[in-house]
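> got a sequence here, can you model it:
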Amino acid sequence: MFERFASDARDAVTQAAEEATGADRIGPQHVLLGAVRSPDSVAARALSQLGVDRARLRSAVRAIPSDGLDADALAGVGIDLEAVRAQVDAAFGAGALDDIAAAPRSGGRKPFDAQAKKLLELSLREALRYKHNRIDTGHLLLAVVRLDDAHAAAALHALGLADDDIRTAVVVAWAESPVGRP
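So this is what the prediction gives:
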């Protein structure tokens with residue numbers, strides 16, 4: 001399947017591992033963040049049309065509780081997770097709390113979780129649906145919407161983005177630069 005990926009989609013999948021700093025596995029939210037790392041990618045241009053840049057998306061993804069640290073559970077014992085993050089960021093730099101588990105425990109590559117694997121499969125289905133011979137970051141973004149993952153899709157929805165608006169923005173971005181290039 002990866003032979004059908006355009007260079008921006010390949011880069012997004014590779015960069016998803018970097019985005020998964022602090023996680024044991026690469027999830028759909030990491031693929032989504034990887035898809036917008038390049039401002040010239042279809043996904044980044046589509047979200048930009050909707051008023052969302054990489055920094056806003058990253059903040060929205062970070063605001064959605066992950067499996068690792070449950071803000072509500074911590075609040076129940078008197079710990080404000082956002083206050084802790086702010087203090088750690090101030091003392092050690094932005095994202096320091098996320099860097100705790102940066103290296104995979106196995107010493108190899110981080111594995112994709114089941115939802116991220118499904119996202120990659122759905123990106124191929126999106127390319128076929130639009131009769132495109134290559135998969136780009138636009139297809140990855142459409143797959144996030146279609147997957148309706150609790151983390152990645154929730155971040156998009158938290159930014160006020162409707163699924164139909166995202167689909168339209170991707171089509172507009174494709175019109176600016178046709179799909180199918182390697």
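> can you give me the first-to-last residue distance of stretch 15-29?
12 Å (C-alpha to C-alpha, to the nearest Å).
> stretch 17-28 too?
Criterion C-alpha to C-alpha; first-to-last residue distance in stretch 17-28 is 11 Å.
> for it, buried residues please.
Buried positions in stretch 17-28, judged by neighbour count with 16 or more other C-beta atoms under 10 Å: 17, 19, 20, 22, 23, 26, 27, 28. Quick note: C-beta positions are derived from backbone N, CA and C, even for glycine.
> over to stretch 166-180?
For stretch 166-180, a neighbour-count test (16+ other C-beta under 10 Å) marks 166, 167, 169, 170, 173, 174, 179 as buried.
> name the nearest residue to the spatially most central residue of the chain, ignoring sequence neighbours.
In the chain, the centroid-proximal residue (C-alpha atoms, centre = their mean) is residue 32; its distance is 1.9 Å. Leaving aside its sequence neighbours, residue 32 sits nearest to residue 152 (C-beta to C-beta, 6 or more residues apart in numbering; 4.6 Å).
> sorry, back to before: can you add secondary structure and pLDDT and give the buried residues of stretch 166-180 back as CSV?
Output for these, formatted as CSV (DSSP: H, G, I helix; E, B strand; the rest coil; pLDDT from 0 to 100):
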residue, secondary structure, pLDDT
166, helix, 97
167, helix, 97
169, helix, 97
170, helix, 97
173, helix, 95
174, helix, 95
179, coil, 62
